[in-house]
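In: below: sequence and its predicted model.
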Amino acid sequence: MPLLISPAWPPPPSRLGYSILHRYRKNAANFNFRRTLLLTTPPHSSSRNVENVDTFTKYSGYLFQLSSSEAESLTEYNVAKISAIYQKKPLIVLRRLFQTATTFGKWFALRFIDNLTERADQMFEVRAEELRKILVELGPAYIKIAQAISSRPDLIPPSYLDELSLLQDQIAPFSSNVAFDMIEKELDLPIDAVFSEISPEPVAAASLGQVYQARLRSNGKLVAVKVQRPGVQAAISLDILILHYLAGFIRRAGKFNTDLQAVVDEWASSLFREMDYKREANNGLKFRQLYGGIKDVVVPEMFMNQTTSKVLVMQWVEGQKLAEVKDLYLIEVGVYCSFNQLLECGFYHADPHPGNLLRTDDGKLAYLDFGMMGEFKQELRDGFIEACLHLVNRDYDALAKDFVTLGLLPPTADKDAVTQALTGVFRDAVARGVRNISFGDLLGNLGVTMYKFKFQIPSYFSLVIRSLAVLEGIAISFDRNYKVLGSTYPWIARKVLTDNSLKLQSSLQALLYKDGVFRIDRLESLVTESLRARTETSIRKQIEDGDSRIIVKEVLSFTLNEKGAFVREILLDEFAKGLDALGLATLDSMASLVTSNLPFSGSQSSSIMTDEDITNLRTLQRIVLLLSGVRENSRNQVVGAYNGQKMSSNGAFLVLYQSVSIEELQRLLAIIMELPQDLQQQLLQLPADLAAKLVSRLTARTVRRIFL
C-alpha cells in the first residue's frame, strides 16, 4: 500500500450537540429519501465521533490543513504561490509524490510486461479499466483532470478516450459530522438556526463535495445543501503542483508539440473556480437569468444569503437523471438550450454529465451544478457556425481555414495537407447526410487525425465538444439512431439565415455563390433544415411529415420577416435575373416559332440566350418550386427534366411553365391570406422592389450590349 499523509482531523468539538431522530416519511412526493434529521438543541451533548474516515479520503491521503493565510492565497490558481507554500512542506510533497509514483509505476510496469510478452492488444481493455480505477483512487485532482483529458484527443491516443469518458463522480461520502461542523463554521450560525430539518446522510457524493437535502427555517423551502470535502483545496493544489512539473518533463522527453504545462494550468484554473461555491452560485444566477425562461427548462434558485465559498444552498429539484428516462423530447429541449448557450449568449454549461441533467416530475429539463461554466466569444461562435456549414456542404478547403480561425491550427499550417486529411476524416460521415452524422463518430475520427498531426485543441472547444457529445450519448443510450448534430444543425441553419452579423452574412454569401453562380440547392437545404428548428412537437411533426401547407407558410413567414431581410434580398436578386431570362426565353421562343414558318428558313435558329440566362431560368424555377411547396418527389421529377443536359430556350420556358399548377398557385394565395397583416404589407412591397431590380438589370444589360 502507498504511504498516506497523516490527517489533521478530527476537528475541534462542535459548539452544539444534536439529538438525531430517525423517522420514515410516507410522502415520497415531498422527499426523495426516507430518513430525515430533526434538529433540536439540548443543553448538553457529547462531541461528534469522526474517527472513521471515508475510503476515498483515506486512500487519497490528502487530509492535511493549510494555514488561514495559505488558504486565502489560493482563492485563484497561481502556480508560483502554490510552489511557495509547498516548499515549506517537503515531507508532505515527498509522501504524495511517492504514493502517486508507486501507483502509476505499477500500472506502467504491467503495460511494459504486456509489450514484452506481446499481449498489449489482448490486455488493452483490462489496463485501460485499471487506469480509470487508479485515477479515481488518487483523488479529486486526478478525477477532474482525467475527465477533462477524455475530451482532448491531442493529448492521448484516441483509443483511451472511451474508457476515460466512463469516469463518474460517485465517490464514498465523508463524515456527516464533519460536514455539519463545516456548515456551522461557514455560516457562523448553529445549524438548526438555518435549517429546520436535514438528511442525516448525504443524498449524493462527488470528488469535491457532497449534497444533503434540507428545509430552510426562514421560509420552509426544500433545498439542496452542497458541502465541500475537507482538505480538498490543499489536495488539489498539491497534486496540480506535481502535475505541472511532471508535464514539463514529459513534454521535453516526448517532444510534444502541445504545451502540456499550459494544459495543466488551464484545467487547474477551472478546478479552482469550481471549488468556489460562491462563484458557482453566481454562475447559477446568471444561467437562470439567461435560460430559465426557455420552455420546459428549469434552473434552480440560488440562496445567496446561505451560500459561502464552501457551502452552497440551492433549490431542491425532484426528478430522475435524464440518462435513466427515455424522453427524446427533453433531449431536443437540451439541444435547443445548448444552442442558445453556445451560439446566442456564449455562456454555457461546460459539465453537462448525466448527473447534472434531470427530468423533473412535471416533465421538464433541469440543469444542476454550475461550477464549471464556459465563455464562447462572438468571433469563435461565428467561426464554429461557419465550420458546421462548411462541414455539411463538404467544403473542406474552407473548413481548414475555419480550423485556423478556431485556434485548432496555427496560421502557418499546410492548408493543402489539412484539407486532404479532413476530407479523409469527414467524407464518408457527411455522405450519409446531416441528419445521420454522429457527433461521437466525428469526434473519434477527428481525434485520430489530431493525434497524428499533433494539432492543438483549445480548452473552449473541448468543452463545447463535450457538452454536445454528452447529450448525444444520453440519447443514444435509448435511441441508437439519434444524432445530436442533426438536431443542432437546424438551429445553425436558421441563425445563418437570420443573423445580422456581417461576418455570417458574408459567409452565407460565399456559401450560396460559387464562381458567381447562385447555388440554389444550398439555399434550399438551409431553408429546409431551418424549418426543423422548432421545439413545438406538433409543428415539427407537420414539417417532418412534409405538410406542404405548413412548409409554405413557414417559408413565407421567414422570408417576409425582418430577420429574413438578407435572404429576401438575395432571392429578389435571383428572381429578377430569372424574370429577365424568362423574358428572353419568351422572345426566343416567339422568334423560333416565326422563323420556323418562313420559307427557306434553316433547321437551326440562333438563340439570344446565353448559358448564364439558362442557369438563371432554372434558378427561377427552383425558387418558384420552393415557395409553392411542391413536394420533394414532384420537384425531383421536374428538376430532373433538365439536370445534366444543355437545354434550348424553348425547352427551358416549357419546364418553367410546367413547374407549378394553377391549383398550387391558388393554394399559395390562400396561404398568403392567412399571414399576419404586417407580413402581408411586406409582401405588397415586394413587386416594387422586384421591378426596381429588374429595371436596373435590364438597363445594365442593354448598356453592356450596346458598348460591346
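Out: Thanks, I have it. Numbering: from 1, shown residues only.

In: for the stretch 201-350 of the chain, which segments count as helices?
Out: 232-254, 260-274, 277-291, 328-339 (DSSP state H, counting those that start in this stretch).

In: would you mind measuring from Arg697 to Gln213?
Out: Counting by C-beta to C-beta, to the nearest Å, the separation of Arg697 from Gln213 is 70 Å. The way it works is simple: take the backbone N, C-alpha and C, and place the C-beta from them, glycine included.

In: those two: which is more packed in?
Out: Gln213 (23 against 16; other C-beta atoms under 10 Å).

In: which strand residues bridge that one?
Out: Ala224 (DSSP bridges).

In: verify the stated contact: it with Leu222.
Out: Yes. The criterion here is C-beta atoms under 8 Å, and Gln213 meets it with Leu222 at 7.0 Å.

In: shared neighbours, those two?
Out: Residues touching both Gln213 and Leu222 (C-beta atoms under 8 Å, 6 or more residues apart in numbering) are Trp316.

In: and stretch 403-411, end to end?
Out: Stretch 403-411 has an end-to-end distance of 9 Å (criterion: C-alpha to C-alpha, to the nearest Å).

In: cool, and stretch 129-146?
Out: First residue to last in stretch 129-146 (C-alpha to C-alpha) measures 13 Å.

In: what residue ranges in the stretch 401-550 of the chain score low on pLDDT?
Out: Applying pLDDT under 70 to the stretch 401-550 of the chain picks out residues 438-455, 457, 459-460, 462-463, 466, 473, 477-478, 534-548.

In: can you show me the strands along the stretch 101-250 of the chain?
Out: Using DSSP state E, counting those that start in this stretch, the strands of the stretch 101-250 of the chain run over 195-198, 204-205, 209-216, 222-228.

In: of these, which is nearest Asn283?
Out: The closest of those to Asn283 is strand 222-228. By C-beta to C-beta, the value is 13.2 Å.

In: buried residues in the closest one?
Out: Leu222, Val223, Ala224, Val225, Lys226, Val227, Gln228 (16 or more other C-beta atoms under 10 Å).

In: quick check, pLDDT for the second one.
Out: Put plainly, it is Val223. Per-residue pLDDT puts Val223 at 97.

In: from Glu70, how far off is it?
Out: In terms of C-beta to C-beta, Val223 sits 32 Å off from Glu70.

In: tell me what the helix or strand in which Arg381 is found is packed against?
Out: Element membership for Arg381 (DSSP states H and E) is helix 378-392. Using 3 or more C-beta pairs under 8 Å, 6 or more residues apart in numbering; DSSP states H and E, the elements in contact with helix 378-392 are helix 396-405, helix 415-431, helix 484-498, helix 502-512.

In: which secondary structure elements does the shortest one contact?
Out: Contact partners of helix 396-405 among helices and strands, from 3+ C-beta pairs under 8 Å, 6+ apart: helix 378-392, helix 415-431.

In: would you tell me which helix is longest in the protein?
Out: When the chain is parsed with DSSP state H, its longest helix is helix 565-597.

In: now find how far off-centre it is within its chain.
Out: 45 Å (C-alpha atoms, centre = their mean, to the nearest Å).

In: mean pLDDT lowest for which of the helices of the stretch 201-350 of the chain?
Out: When the helices of the stretch 201-350 of the chain are compared on mean pLDDT, helix 260-274 scores lowest, with a mean of 81.

In: and that one with helix 232-254, angle?
Out: For helix 260-274 against helix 232-254, the angle between stretch directions is 170 degrees (axes from the mean of the first three to the mean of the last three C-alpha atoms, to 10 degrees).

In: how about the CA coordinates for helix 260-274, as PDB?
Out: Below are the C-alpha coordinates for helix 260-274, written out as PDB (Å, rounded to 0.1, in the frame of the first residue of the first chain):
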ATOM      1  CA  LEU A 260       1.400  20.200 -21.600                       C
ATOM      2  CA  GLN A 261       2.100  22.600 -18.700                       C
ATOM      3  CA  ALA A 262      -0.300  25.100 -20.200                       C
ATOM      4  CA  VAL A 263      -2.900  22.400 -20.400                       C
ATOM      5  CA  VAL A 264      -2.500  21.500 -16.800                       C
ATOM      6  CA  ASP A 265      -2.600  25.200 -15.800                       C
ATOM      7  CA  GLU A 266      -5.700  25.700 -17.800                       C
ATOM      8  CA  TRP A 267      -7.600  23.000 -16.100                       C
ATOM      9  CA  ALA A 268      -6.200  23.800 -12.700                       C
ATOM     10  CA  SER A 269      -7.800  27.300 -13.100                       C
ATOM     11  CA  SER A 270     -11.200  25.700 -13.900                       C
ATOM     12  CA  LEU A 271     -10.800  23.400 -10.800                       C
ATOM     13  CA  PHE A 272     -10.100  26.300  -8.500                       C
ATOM     14  CA  ARG A 273     -13.100  28.200  -9.900                       C
ATOM     15  CA  GLU A 274     -15.200  25.100  -9.300                       C
END
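
In: show me what counts as buried in it.
Out: In helix 260-274, counting by 16+ other C-beta under 10 Å, buried: 260-261, 263-265, 267-274.

In: same question, stretch 237-251
Out: Of all the residues in stretch 237-251, those buried under the rule 16+ other C-beta under 10 Å are Ser237, Leu238, Asp239, Ile240, Leu241, Ile242, Leu243, His244, Leu246, Ala247, Arg251.

In: closest one of these to Leu342?
Out: Nearest to Leu342 among these: Ile240, at 28.0 Å, using C-beta to C-beta.
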